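Visitor: return a 3D structure for these sequence lines:
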Amino acid sequence: MKVLEFNAETSGLKKQLAASGYENYLGICTGEPMGSRDPDLYYANEKTLTYKNNAEVLIINRADFMDLKNAFHSSADVILFIPSKIIDRASFLPLWAYKLARKKKWSFHFEAFAGGAGETRTVIVFKRNHRKEKAARQYLSPELGLENFFDLLNERKLDYVILRWFDELPFLDLDEDVDLLVSDTHIEKVRDLLNEKVGILPFDIYSAGGLPGSNFNNIAYYPPYIAETILDQKELWNSKYFIPSKRHYFLSLMYHAVYHKGEKSGIPAKAGGVVKKIPQDHDYPGVLQDLAVQTDDRLEEISLEYFHHFLEEEGWAPSTDTIRKLIGVSGSWLESTIKSNEHNFEKDGELMVFVVREWAEERQLTHKIIDWFERNGLCLIRAVKLDEEQKRNASQSMRGGNWGQGPWPVSGGKPSTLLVMYDYHPKPLSAKMKKKYPHVSNEHYLLKEQLRSEINFSLSKDERANPLHSADDEIEALDYISAVAPDLIGDIEAIVTEWDNAYRTPEKVIADVSEKKRRAKVEVIEYQGGKAVKKTYKAGKERFLEREKFVYGELSKECDFIPKLIDSGENYIIVPYLKTNKVTESWHIKKQILKRKHKQEIFKINGFFYNKGYALIDFHPGNILLTSEGLKLIDFEFLYQYEEKPLDVRESFDLNGFPEDFTEDKPYGIFPKQRRNMWKKILY
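Guide: Residues are numbered from 1 along each chain as shown. Reported below is the predicted structural model:
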C-alpha cells in the first residue's frame, strides 16, 4: 500500500506505519522547518502534489477546500482529509454539495484519530466508488531517483527511449515530465517499476502500439510503424539513457511540435503568421533549426503547415483519421491539411469502407454483417480478407493504431476483413448529428451503431465487444484501401463507374417518388408523350428486378389488379403511371376505405397468388393503389414461390405472415407475424 502524506510536519507517521509493516510511505513538507530538515521527509512547495502522485492512500494535513478538490483528481483509492480549521457536520454542507457534483463517485464518513500530542482530530475519509482507468501519466519515487530508475531499465534490458530533453535531466521543475516510448511487450514492466513506491516525479509512458492506458487521446503517440522504427534504431546517450537516433530525434520532435503541441509550440500555423502568446516550455523553432543543421536537412520555412508537408515527404505524417483526432489538440489549422486522396475519382454516390474485426470474424459474423448492410441499401464492391501483412498495415494506419477494447468489456481485436461498399444515395447528417460526428459525411455510416447493438443484444454485458470500425468519409475510405490493397483501386473505380452509368436515368425525370431506396429508385418520367413510372435497380439486386418483370410481364395477363409492363431492361422496368386519389395518402383514411369497400378484392388478390403457388411477402396497404381505374397492386420485389404450399389459402404468407424460420428475402425490419396483425385489423 502506497501512502502519501501532504503537509507532513514530522516523520512520526512514517515511523508508526513502519512499525505496523507499512513502509511504502512518502511525506511531503511544503514549508521550511525552523531548524534542520527532517531527512525522512521530502521538501517541495507545490500544492499540485495533492493529485500529481501515485499514492493509494492520500493524507492531506492542514488542508483547505482546493486541496481536497485537487485530491479528487489523484489516483488514490482513499483520501483522508484533515481540515485546517475545526469543523462540524453542519458546516460540512459545502463539501456534501461538492460530492453530489462529483456524481457520487466518492463516498465519505467521519473518523476520530488521536494526534501526535494526544489530541483527538476529526478526519473525513473519502473512498473511491468508481474504477480507475489506466493512464499514460505515471510517477517515480524521489527515493529511487532517475539515475537508479534508468539503471534498472537498462539492467533488465527493457526496450525504451526517452523521447526528448534528455540532455536536461534531471528536471528541477516538478511540472516537467519525462516522456518515454516503450515497446508493447515491456510497457507493463515499466509501469510496474514506476509504481513500486510512492512517486511524485512525473513520467508519461507511451506504448509503441498505442495500447490502452499508454496512448495519447486514445490513439498511438506515434504511428506504430514509426514508433517501432524509433525503438529499433535507438542509441545509448552518455552511457545513461536510450534515446532516438539523431535523425529520429529531429523527426519525432517535429511530429510532437506539429501534432501534439500545434500552435502552443510557438510555431505559427502559416509562414509569417502570428504566434499565440502562450508561455513556452521549450524553444521548438530554435531546437528544430539546430537539429536540421546537425542532420543536414534544409528547412525552407518555420510553420506548422510546412513541417506537416516535410513529415509527409519523410513518410512520418499521420493518416487522415488520426489527424482528425488530433485537431482538438493541435488546433483547427490542422483541418486545412486534409485533402482528397490522390486516387479519388468522379462518382454519383459515395465510396464507403467498413472494417470487420477479429472478434466478429472468429464468430463467423462477416457474412451477416455484409447482408445487413446490403439490406439497408449499401452495395458490396469487394470483401478483402486480410493476410498477415495487410492486417499489420491496417492496424498501424487506421484508427490511430489503437485497436484496444475502448469502452467495451471485450476487445474487438485487430482488423480482419475490409468491406468496400458503395452507397448510391448518400444522406447528409442533420445539424444535430453533425455536431456529434463532425467528420462523418454520410448518415449511412451510422448504420454501424445499430448493427453493433443488434450483434451484442443477445450477449451478456461482460461479453460485448465492438465488432467493426469504419472510415468517416470518402477521404478516409480511400486511405484505408490504399493502406492494405492499393492494387484494387483501379478495379473499384471501373466497377463504380459502370454502376453509375447503368443507374442514371436518360429520360426526363418529372419526380422522384422513391421511399427508402434500399434496392432501387422509383421515378416518374416522360415517356412516349405521357407519364410512366421507371424503377431502376442497383447492382446486385437483380433477383428483385426479375420477380417484378415476371409479375408485371406475365402474371398481369391473368390478373386485372396488376398493371401491365411497358418496357424493361437489364436493370429497370417501366410501368404505367397511375393517378391516385389524394385522400388515400392518409394512412388512416386509406385503411378505413379498404376495410369498408375493398375486402373482397384483397381476398381475390390473395387467392390469385396462392393458386399460382406464390406469396407476396411484402403485401401491405402501401402497395395497393386506389385509382380511377379501380384497385391496383404494385411492388413485387419479395414475390416468393412456395416450396410447400399451405393446405389452405387462409394459411398463405401474404395475409398470415411468413414463418419464424423463413430464410428467403424479406423486408428489412418486418417480423414474422407483423403483417398478419396488420391485416387482421383491416379484414376481420
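Visitor: in this structure, which residue is closest to the centre?
Guide: Compute the mean C-alpha point of the chain, and by C-alpha atoms, centre = their mean the closest residue is H469, 7.1 Å away.
Visitor: tell me the secondary structure at that one.
Guide: Here H469 takes the strand state, with states given by DSSP: H, G, I helix; E, B strand; the rest coil.
Visitor: so that it lines up with my notes, have the first residue be 299 from now on.
Guide: With the count now opening at 299, the last piece we talked about shows up as H767.
Visitor: partner residues bridging it?
Guide: According to DSSP bridges, V653 are recorded as the beta-bridge partners of H767.
Visitor: that one: what's it in contact with?
Guide: Applying C-beta atoms under 8 Å, 6 or more residues apart in numbering, one finds that H767 lies in contact with F652, V653, R655, M696, R697, G710, P713. (C-beta placed from N, C-alpha, C; glycine too.)
Visitor: test my guess that the third one contacts N764.
Guide: Yes: at 7.0 Å, R655 counts as touching N764 under the criterion of C-beta atoms under 8 Å.
Visitor: what is in contact with those two at once?
Guide: If you check R655 and N764 against C-beta under 8 Å, 6+ apart, the residues they both contact are G710.
Visitor: what about stretch 517-530, average pLDDT?
Guide: With pLDDT averaged residue by residue, stretch 517-530 scores 94.
Visitor: same deal with stretch 469-489?
Guide: Taken as a whole, stretch 469-489 carries a mean pLDDT of 90.
Visitor: same deal with stretch 547-564?
Guide: 95.
Visitor: so how far is the first residue of that stretch from its last?
Guide: Stretch 547-564 has an end-to-end distance of 19 Å (C-alpha to C-alpha, to the nearest Å).
Visitor: all the helices of the stretch 349-498 of the chain, residue numbers only.
Guide: 363-369, 391-399, 444-453, 485-492 (DSSP state H, counting those that start in this stretch).
Visitor: mind giving me the packing neighbours of the shortest one?
Guide: The contact analysis (3 or more C-beta pairs under 8 Å, 6 or more residues apart in numbering; DSSP states H and E) places helix 363-369 against strand 355-361, strand 376-381, helix 391-399.
Visitor: looking at the ones you listed, which one has the lowest mean pLDDT?
Guide: Lowest mean pLDDT within the helices and strands packed on helix 363-369: helix 391-399, at a mean of 55.
Visitor: give me the domain ranges for this protein.
Guide: Per the record, the chain has its domains at 301-426, 435-635, 648-793, 808-874, 880-981, by automatic domain parsing.
Visitor: out of those, nearest to A800?
Guide: For A800, the closest of these is domain 808-874, at 5.4 Å, according to C-beta to C-beta.
Visitor: run a quick neighbour tally on L461.
Guide: Residue crowding around L461 was assessed by other C-beta atoms under 10 Å; the count is 23.
Visitor: list the contacts of it.
Guide: Remark: with contacts taken as C-beta under 8 Å, 6+ apart, L461 is in contact with D477, L478, L479, I541, P542, S550, L551, H554.
Visitor: for it, give its distance to F469.
Guide: Distance of L461 to F469, given as C-beta to C-beta, to the nearest Å: 14 Å.
Visitor: now swap in E883 and tell me
Guide: From E883 across to F469, the span is 74 Å (C-beta to C-beta).
Visitor: give me the more crowded residue out of those two.
Guide: The residue with the greater number of neighbours, taking E883 and F469 and applying other C-beta under 10 Å, is F469; the counts read 14 against 9.
Visitor: any idea what sits nearest A769, other than its immediate chain neighbours?
Guide: Of all residues beyond its chain neighbours, the one nearest A769 is A775 (4.1 Å), with distances taken as C-beta to C-beta, 6 or more residues apart in numbering.
Visitor: can I assume the one you found is in contact with V651?
Guide: Yes: in this structure, A775 is within contact of V651 by C-beta under 8 Å, at 4.0 Å.
Visitor: what's near enough to touch E303?
Guide: With contact taken as C-beta under 8 Å, 6+ apart, E303 is in contact with L311, K312, Y323, L324, G325, I326, I357, N359.
Visitor: and stretch 609-622, end to end?
Guide: According to C-alpha to C-alpha, stretch 609-622 extends 17 Å from its N-terminal end residue to its C-terminal end residue.
Visitor: could you do stretch 440-460 as well?
Guide: Stretch 440-460 has its terminal residues 18 Å apart, counting by C-alpha to C-alpha.
Visitor: now swap in stretch 927-939 and tell me
Guide: Across stretch 927-939, the straight-line distance between its terminal residues is 29 Å, by C-alpha to C-alpha.
Visitor: that older thread, in a helix, the residue nearest to A769, correct?
Guide: Yes: secondary structure assignment places A775 in a helix (three-state DSSP).
Visitor: which ones are touching it?
Guide: Contact partners of A775, counting by C-beta under 8 Å, 6+ apart, are L649, M650, V651, V718, A769.
Visitor: list the buried residues in stretch 971-978.
Guide: By neighbour count on 16 or more other C-beta atoms under 10 Å, the buried set for stretch 971-978 is R973, M976, W977.
Visitor: against K889, how distant is the last one?
Guide: W977 sits 11 Å away from K889, going by C-beta to C-beta.
Visitor: F411 and I422 touch, don't they?
Guide: No: at 11.2 Å, F411 and I422 do not qualify as touching, with contact defined as C-beta under 8 Å.
Visitor: of those two, give the one with the bigger neighbour count.
Guide: A side-by-side neighbour count of F411 and I422, using other C-beta under 10 Å, places I422 first with 19 against 12.
Visitor: what residues are bridge-paired with the residue nearest to that one when sequence neighbours are not counted?
Guide: When the adjacent residues along the chain are set aside, I422 lies closest to F379, with 4.4 Å between them (C-beta to C-beta, 6+ apart). Here F379 shows beta-bridge partners I358, I422, assigned using DSSP bridges.
Visitor: F379: how many residues sit nearby?
Guide: Residue crowding around F379 was assessed by other C-beta under 10 Å; the count is 20.
Visitor: check contacts around it.
Guide: With contacts defined as C-beta under 8 Å, 6+ apart, F379 is in contact with I358, A361, D365, L366, A369, V421, I422, V423, F424.
Visitor: farthest pair within the residues you listed?
Guide: Between all members of the contacts of F379, the longest pairwise span (C-beta to C-beta) is found for D365 and V423 and amounts to 15.2 Å.
Visitor: looking at these two, which is more packed in?
Guide: Taking other C-beta under 10 Å, D365 and V423 do not tie; D365 has more neighbours (22 against 15).
Visitor: what pLDDT is listed against that one?
Guide: Listed pLDDT for D365 reads 84.
Visitor: mind listing what it touches?
Guide: Listed by C-beta under 8 Å, 6+ apart, the contact set of D365 reads F304, K345, T348, I358, F379.
Visitor: nearest to H723 among those?
Guide: Closest approach between these and H723, by C-beta to C-beta: T348, at 56.4 Å.
Visitor: measure the nearest residue to A615 once chain neighbours are set aside to Y520 for me?
Guide: In space, A615 comes closest to L609 once its chain neighbours are excluded; the distance is 4.4 Å by C-beta to C-beta, 6+ apart. Plainly put, L609 is 11 Å away from Y520 if you go by C-beta to C-beta.
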